[in-house]
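>>> Dropping the sequence and predicted coords here.
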Amino acid sequence: MKTLFTIGKLSVVTLFITSLYTPYLFANQSNFESDYFYAGAKFGSIRYQHGCEPWAISCDKRDNAFAGFFGYQFNDGLFIESSLIDLGEVNATYFESGLFVPYQGEMKAWDIALGYDLTLSDNFKAFTKVGVVNWYGKNSSPSFEIKDDGFSATASVGFKYDIADNWQARISYQYIDDLGSNKLGSSNGHIGWLGLSYQFKRQTQPEPQPITPEEKPQKVVEAKVIPAPVVIEATKVVPARSVTALFAFDSSQFKIPPNFNDFVDHIKTYPTTSITINAYTDSKGSVEYNQWLSKRRAEAIKTNLIKNGISESRISIAFFGEANPVIDNNTEEHRQLNRRAVITASEVEVTINKEVN
């Protein structure tokens, strides 16, 4: 129980510290492809559910566990992982033939499992994995030693937290079914893990190159001249105006595009314009995830406009995920152009005074 309590305290401290520093770590975070290799280590506490026989005089069926692991992330969800594990030992004392006889059971193993990540936020994921364990055990006393090996099923659940571009922390629970044999004795294993891994991600993608839309020429429609000695009233049609913002891969961080400040001045100058934000993604990832990501991009721009003093009632958003690409998604350069949001100010008609010479 003391080991489990220590691990619990460490996990709380780890999550608290990473939550404080994450905004700074991700402020200049680079973007990587979604498939990569990774490797790491983890420390935990194991409890052997049936580690001793009921007639044991004493029984210590808890111990520390250690493991090194490596894996391959196929995409944003699917991964495969293998671990080399020291599962600690069980110590028991039995009363036999008038003597107190100590027994010690040791277990080591390697496992391989297929897993799936569920994205909860930009840097926080839940995961589950199932697989098989190949165990190697030894049971010994002062007078004999027995060895055996075999296979058992295993399953894990937990959480992953990206603390930097290449570093990821994790906390998890692993269950191993029927660990051992009739020859050694068997037990179900319950393990709590804390781990840290390094992700060998491929080279960063190029920074998005802004698209500067061409401005439409303004046209002036003159109204009928109102008889007056010096001035006449005229109607001026201010055409719709738009600006395009590009986003990094799998990100909703709004980077100010060129001409955006001029665009904000324009909609402040003409307060009767309405603003529409249409957001999109490239084709990587699931349809549902891309729909959610495009919504976040639209909301990020809306939040920026409100901070610039634009009334929320003037702003409407729409999000289309990977639909309506401006170009195919066959290359990274093309996908970059599809990760966009188009901010449009509506056409507006205003009245001006025109001097008569």
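Thanks, I have the structure now.

>>> What's opposite residue 242 in the beta bridge?
On the basis of DSSP bridges, residue 242 is bridged to residue 344.

>>> again but with residue 276, I slipped
Using DSSP bridges, the beta-bridge partners of residue 276 come out as residue 316, residue 344.

>>> Could you check how far it is from residue 315?
Counting by CB to CB, to the nearest Å, the gap from residue 276 to residue 315 is 8 Å. Yep, even glycine has a C-beta here, placed from its N, CA and C like the rest.

>>> One more: residue 263?
Using CB to CB, residue 263 is found at 13 Å from residue 315.

>>> these two touch, right, residue 118 and residue 129?
No. Applying CB atoms under 8 Å as the test, residue 118 and residue 129 come out as separate, 12.0 Å apart.

>>> Which one's more surrounded, the two?
More crowded of residue 118 and residue 129, by other CB atoms under 10 Å: residue 129, with 22 against 11.

>>> Once you drop chain neighbours, what's closest to the more buried one?
Of all residues not flanking residue 129 in the chain, residue 115 sits nearest, at 3.1 Å (CB to CB, 6 or more residues apart in numbering).

>>> contacting residues for that neighbour?
78, 79, 80, 81, 127, 128, 129, 130, 156 (CB atoms under 8 Å, 6 or more residues apart in numbering).

>>> ok, now residue 166?
By CB under 8 Å, 6+ apart, residue 166 lies in contact with 198, 199, 200, 201.

>>> Among the residues you listed, which has the minimum pLDDT value?
Lowest pLDDT within the contacts of residue 166 is found at residue 201 (80).

>>> Sketch out the low-pLDDT regions of the stretch 1-150 of the chain for me.
Across the stretch 1-150 of the chain, the ranges flagged by pLDDT under 70 are 1-32.

>>> Helices along that one, start to end?
2-25 (DSSP state H, counting those that start in this stretch).

>>> Would you map the strands across it?
Taking DSSP state E, counting those that start in this stretch, the strands of the stretch 1-150 of the chain run over residues 36-48, 58-60, 62-73, 78-96, 99-121, 124-140, 145-162.

>>> can you tell which of those strands is closest to residue 171?
Taking CB to CB, strand 145-162 is the member of the strands of the stretch 1-150 of the chain nearest to residue 171, at 5.6 Å.

>>> Okay, now the sheet partners of the closest one, with direction.
Here strand 145-162 has these sheet partners by DSSP bridges: strand 124-140 (antiparallel), strand 167-181 (antiparallel).

>>> Dump those to a markdown table, plus distance to residue 39.
Converted to a markdown table, the strands paired with strand 145-162 look like this (distance: least, CB to CB, whole Å):
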| stretch | distance to residue 39 |
| --- | --- |
| strand 124-140 | 16 |
| strand 167-181 | 11 |
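
>>> For residue 336, which of the ones you listed is the nearest?
Minimum separation from residue 336 across the strands paired with strand 145-162 (CB to CB) falls at strand 124-140, 24.5 Å.

>>> In the closest one, which residues are buried?
Residues of strand 124-140 classed as buried under the neighbour-count rule (16 or more other CB atoms under 10 Å) are 125, 127, 129, 131, 133, 135, 137, 138, 139.

>>> What of stretch 39-59?
Using 16+ other CB under 10 Å as the test for burial, stretch 39-59 gives 40, 42, 43, 44, 45, 46, 47, 48, 51, 52, 56, 59.

>>> and the gap between the residue lying closest to the last one once chain neighbours are set aside and residue 100?
When you say that, I think you mean residue 59. Distance criterion CB to CB, 6+ apart; nearest residue to residue 59, sequence neighbours excluded, is residue 52 at 3.6 Å. As judged by CB to CB, residue 52 and residue 100 stand 14 Å apart.

>>> again, but for residue 162
The gap separating residue 162 from residue 100 is 52 Å, by CB to CB.

>>> My read is that residue 239 contacts residue 349, right?
No. In this structure, residue 239 is not within contact of residue 349 by CB under 8 Å, at 10.5 Å.

>>> ok, back up a step: wait, which of the strands paired with strand 145-162 is closest to residue 345?
Among the strands paired with strand 145-162, the nearest to residue 345 by CB to CB is strand 124-140 (35.9 Å).

>>> Need the phi and psi values for residue 240.
Torsion angles at residue 240 (phi, psi; degrees, to the nearest 10) stand at phi -60, psi 150.

>>> right, and the strands of the stretch 1-150 of the chain - which one's nearest residue 281?
Between the strands of the stretch 1-150 of the chain, strand 99-121 lies closest to residue 281; by CB to CB that is 13.7 Å.

>>> Just give the strands next to the closest one in its sheet, each with its orientation.
In the sheet, strand 99-121 lines up against strand 78-96 (antiparallel), strand 124-140 (antiparallel) (DSSP bridges).

>>> Name the nearest residue to residue 240, ignoring sequence neighbours.
Nearest non-adjacent residue to residue 240, counting by CB to CB, 6+ apart: residue 347, 4.6 Å away.

>>> shouldn't the one you found be in contact with residue 239?
Yes. Residue 347 lies in contact with residue 239 (CB under 8 Å); the separation is 5.5 Å.

>>> Residue 41 contacts residue 70, correct?
No. Taking contacts as CB under 8 Å, residue 41 lies outside contact range of residue 70: 10.2 Å.

>>> quick one on the thing from earlier: how about the strands paired with strand 145-162, which one is nearest residue 319?
For the strands paired with strand 145-162, distance to residue 319 was read as CB to CB. The smallest value, 21.6 Å, belongs to strand 124-140.
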